[in-house]
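*Asks:* generate a structure from the sequence data that follows.
(one chain, ligands or ions: 1)
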Amino acid sequence: MGVDLARAAEAGEPADNSIRAAALYQAHCAACHGGQRLGGMGPALLPQSLERLKPAEARQVITHGRAATQMPAFGEKLAAEDVQALAAWIYAPVSPAPTWGEAAIRASRTAAPNAKELPAKPAWKADPMNLFVVVEGGDHHVSLVDGDRFEVIHRFASRFALHGGPKFSPDGRFVYFGSRDGWITKYDLWNLQVVAEVRAGLNMRNVAVSGDGKWLMAANYLPHTLALFDAALNLVKTYAATTLDGQASSRVSAVYDAAPRKSFVVALKDIPELWEISYDPQAEPIFDGYVHDYRQGEAIAQPGTFGIRRTLLDEPLDDFFFDQSYAHALGATRPRTAAPGDAQAPTQAPPTAQVVNLDIRRKIAELPIAGMPHLGSGITFPFKGSTVLASPNLQGGAVDVIDMKTWRPLQRIATPGPGFFMRSHEATPYAWTDSMMSPGARDTLTLIDKRTLQVAAQIREPGRTLAHTEFTRDGRFALVSLWEMDGALIVYDAQTLKEVKRLPMSKPVGKYNVWNKITRSEGTSH
Ligand code: DHE
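*Replies:* Here you go, the predicted model:
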């Protein structure tokens, strides 16, 4: 960065594309996206943040702007080759590599001055426990929907590109949103206002809120850190995601709250370790992560509370979820790729999921699920005296059902194409899953009968994308996303499967029912 065109001209250096692009960036983009491309009013423009945006789309956005956002169209101001140069520039790494340490995190925090005086009762009339928080990705807004009347109570602008499920305080009053850019927003659902915000990282995966509502942990890809906050989003500490000897560091795949264990469980994407960080004030000291006490000249155990308890694995884990007892983490493993000439290379297809026992702290089973199971969206339910887990698959057109007593596969249920999400509810016989990854079947939802493990019905919206179901508190209605810019939230009667209502929305992504979330319904993500 910091390219000086005048200096380049004086030195007789050619104003090559990158120099030109840097100057264009400073002139047109820096005010909103930040001088270092770390984001500001607009999102960060770093290669890591743009992984999901194709360069052709970036050129489109620069030329035509982004509807319903502050991003203006530059097509009139800039020549096509300038747009091209700018689009190429934002995918180039920033040098020196950007950092985001504790001081930056602390400095980013803002809080509403009136936060403490806000009344502890809803300013609106509806059941606060049957409220839906709907993330609209099309124009980066959030809608709050009354889950009895299916009416929008309030709609507000969110940070750019929220990702992962928002997390709720145990009383359902506050919700915490995480954006891919690292922003965490604490929103008071009862008073309809943002009460605090902080930027935990530059590229964040997700956030988890402790079962007691006192702590929030953020998992980052960039930098390689976890950040721990109190409920008011004051930074408590950061953790470097490294091996014990500090030699290797990793992106953090995800963090989840394991409420009965009073701990956060953390998967690392590049290091074969699963971490457990207890927030229990009475937690036992940790003896495997010795810290040297130089005054005493001896190694001492790490404190148990907020210390890192490491489980060493053979393979790193991606997303994961827990069994009901929270004794096991069930995680997806990326397929192993052998280096050329590697005699140790596996001869058989590698397992793509594993079961880790968090108490004895080792892998106890491999789950023979083909493809790329999306275990973060897995659900559990009772079946013939046992409990089973069902997981959609990002690669294969099938749902895998596993017996959780034996960890053996029970059934592979064919769907019309690979899907992302799966949802059910204790009070409904069906598990709903999508095929949104399949160009030919993205318009179809498949309903699986939990009693027979057979496909019971399909719901279609021809030529359009249907995805992500969430149930009302009582399980009587299913709310589904019509995942289009001119999309909608479609409400179905979960028994008759008839459409009850359709609320227009801008690419609704996920929707979250307060009650199902705070009671950790077995049919929903945690
Ligand atoms: Fe997600 C949740 C990972 C792409 C929409 N996604 C999650 C979680 C993880 C994850 C680990 C659980 C976090 C939580 O809820 O606390 N997602 C990944 C990926 O690795 C992947 C495949 C690639 C990536 O770029 O990150 C990915 N995810 C997507 C999308 O493309 C989706 C469909 C659209 C989007 O907005 O990004 C998407 N992910 C979601 C949603 C949830 C989610 C809506 C919350 C689901 C829920 O019901 O709780």
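
*Asks:* rest of the way, CA atoms for contacts and neighbours
*Replies:* Fine.

*Asks:* is any part of stretch 140-159 close to the ligand?
*Replies:* No: Stretch 140-159 does not reach the ligand (CA under 6 Å from any ligand atom); its nearest approach is 10.1 Å.

*Asks:* CA atoms only: put that stretch into PDB for me.
*Replies:* Extracted C-alpha coordinates of stretch 140-159, given in PDB (Å, rounded to 0.1, in the frame of the first residue of the first chain):
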ATOM      1  CA  HIS A 140     -27.700  -6.800   4.700                       C
ATOM      2  CA  HIS A 141     -30.700  -6.300   7.000                       C
ATOM      3  CA  VAL A 142     -32.300  -8.200   9.900                       C
ATOM      4  CA  SER A 143     -36.000  -8.600  10.300                       C
ATOM      5  CA  LEU A 144     -37.700  -9.400  13.600                       C
ATOM      6  CA  VAL A 145     -40.800 -11.500  12.900                       C
ATOM      7  CA  ASP A 146     -43.700 -12.200  15.300                       C
ATOM      8  CA  GLY A 147     -43.900 -16.000  15.300                       C
ATOM      9  CA  ASP A 148     -47.600 -16.100  16.100                       C
ATOM     10  CA  ARG A 149     -49.000 -13.500  13.600                       C
ATOM     11  CA  PHE A 150     -46.100 -13.800  11.100                       C
ATOM     12  CA  GLU A 151     -45.700 -10.100  10.800                       C
ATOM     13  CA  VAL A 152     -42.500  -8.100  10.700                       C
ATOM     14  CA  ILE A 153     -42.100  -6.200  14.000                       C
ATOM     15  CA  HIS A 154     -39.000  -4.300  13.000                       C
ATOM     16  CA  ARG A 155     -36.300  -4.200  10.400                       C
ATOM     17  CA  PHE A 156     -32.800  -2.800  10.700                       C
ATOM     18  CA  ALA A 157     -29.500  -2.600   8.800                       C
ATOM     19  CA  SER A 158     -26.800  -5.100   9.900                       C
ATOM     20  CA  ARG A 159     -23.100  -5.200   9.400                       C
END
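
*Asks:* now that stretch: buried residues?
*Replies:* 140-147, 150, 152, 155, 158-159 (16 or more other CA atoms under 10 Å).

*Asks:* so where do the strands sit in the stretch 151-300 of the chain?
*Replies:* 151-157, 167-168, 174-178, 183-188, 193-199, 203-209, 215-222, 225-230, 235-240, 252-258, 263-268, 273-278, 286-293, 298-302 (DSSP state E, counting those that start in this stretch).

*Asks:* now the first one: how far from the chain's centre is it?
*Replies:* In this case it means strand 151-157. Per CA atoms, centre = their mean, to the nearest Å, the displacement of strand 151-157 from the mean C-alpha position of its chain is 22 Å.

*Asks:* and that strand, what does it pack against?
*Replies:* strand 141-146 (3 or more CA pairs under 8 Å, 6 or more residues apart in numbering; DSSP states H and E).

*Asks:* before we move on, what about the third one?
*Replies:* Helices and strands in packing contact with strand 174-178 are listed as strand 167-168, strand 183-188, strand 203-209; criterion 3+ CA pairs under 8 Å, 6+ apart.

*Asks:* out of those, which is closest to the ligand?
*Replies:* strand 203-209 (4.8 Å; CA to the nearest ligand atom).

*Asks:* the closest one - what's its average pLDDT?
*Replies:* Taken as a whole, strand 203-209 carries a mean pLDDT of 96.

*Asks:* partners of it, with directions?
*Replies:* Strand pairing for strand 203-209, using DSSP bridges, gives strand 215-222 (antiparallel).

*Asks:* and the closest residue to the ligand within the stretch 1-150 of the chain, how close does it get to Pro429?
*Replies:* When scored by CA to the nearest ligand atom, the stretch 1-150 of the chain has Arg52 as its residue closest to the ligand, at 6.0 Å. Using CA to CA, to the nearest Å, we find Arg52 at a distance of 36 Å from Pro429.

*Asks:* who has more neighbours, those two?
*Replies:* Pro429 (18 against 8; other CA atoms under 10 Å).

*Asks:* next up, phi/psi of the more buried one, please.
*Replies:* phi -80, psi -10 (degrees, to the nearest 10).

*Asks:* which ones are touching it?
*Replies:* Going by CA atoms under 8 Å, 6 or more residues apart in numbering, Pro429 touches Asp449, Lys450, Arg451.

*Asks:* most surrounded residue in those?
*Replies:* Lys450 (20 neighbours).

*Asks:* just checking, Phe405 touches Ser386?
*Replies:* Slight slip there: residue 405 is Lys, not Phe. Yes: Lys405 is within contact range of Ser386, at 6.9 Å (criterion: CA atoms under 8 Å).

*Asks:* how about the contacts made by Asp257?
*Replies:* Contacts of Asp257 (CA under 8 Å, 6+ apart): Ala208, Val209, Ser210, Gly211, Ser263, Phe264, Val265, His526.

*Asks:* please name the nearest non-neighbouring residue to it.
*Replies:* In space, and not counting its chain neighbours, Asp257 is closest to Phe264: 4.6 Å by CA to CA, 6 or more residues apart in numbering.

*Asks:* my guess is the one you found contacts Ala254. True?
*Replies:* No: under the criterion of CA under 8 Å, Phe264 is not in contact with Ala254, lying 10.2 Å apart.

*Asks:* could you pull up the residues touching the residue nearest in space to the middle of the chain?
*Replies:* By CA atoms, centre = their mean, the mean C-alpha position of the chain lies nearest to Gly164, the distance being 2.7 Å. Counting by CA under 8 Å, 6+ apart, Gly164 makes contact with Gly178, Arg205, Asn206, Val207.

*Asks:* can you redo those as CSV with distance to the ligand and neighbour count?
*Replies:* Formatted as CSV, the contacts of Gly164 follow (distance: CA to the nearest ligand atom, whole Å; neighbours: other CA atoms under 10 Å):
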residue, distance to the ligand, neighbour count
Gly178, 9, 30
Arg205, 7, 23
Asn206, 5, 27
Val207, 6, 29
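
*Asks:* so which of those comes closest to Pro439?
*Replies:* Among the contacts of Gly164, Arg205 lies closest to Pro439 (CA to CA), at 26.1 Å.

*Asks:* let me know the pLDDT of the residue in the stretch 401-526 of the chain that the ligand sits nearest to.
*Replies:* Closest to the ligand within the stretch 401-526 of the chain is Gly510: 4.1 Å, counting by CA to the nearest ligand atom. pLDDT, Gly510: 96.
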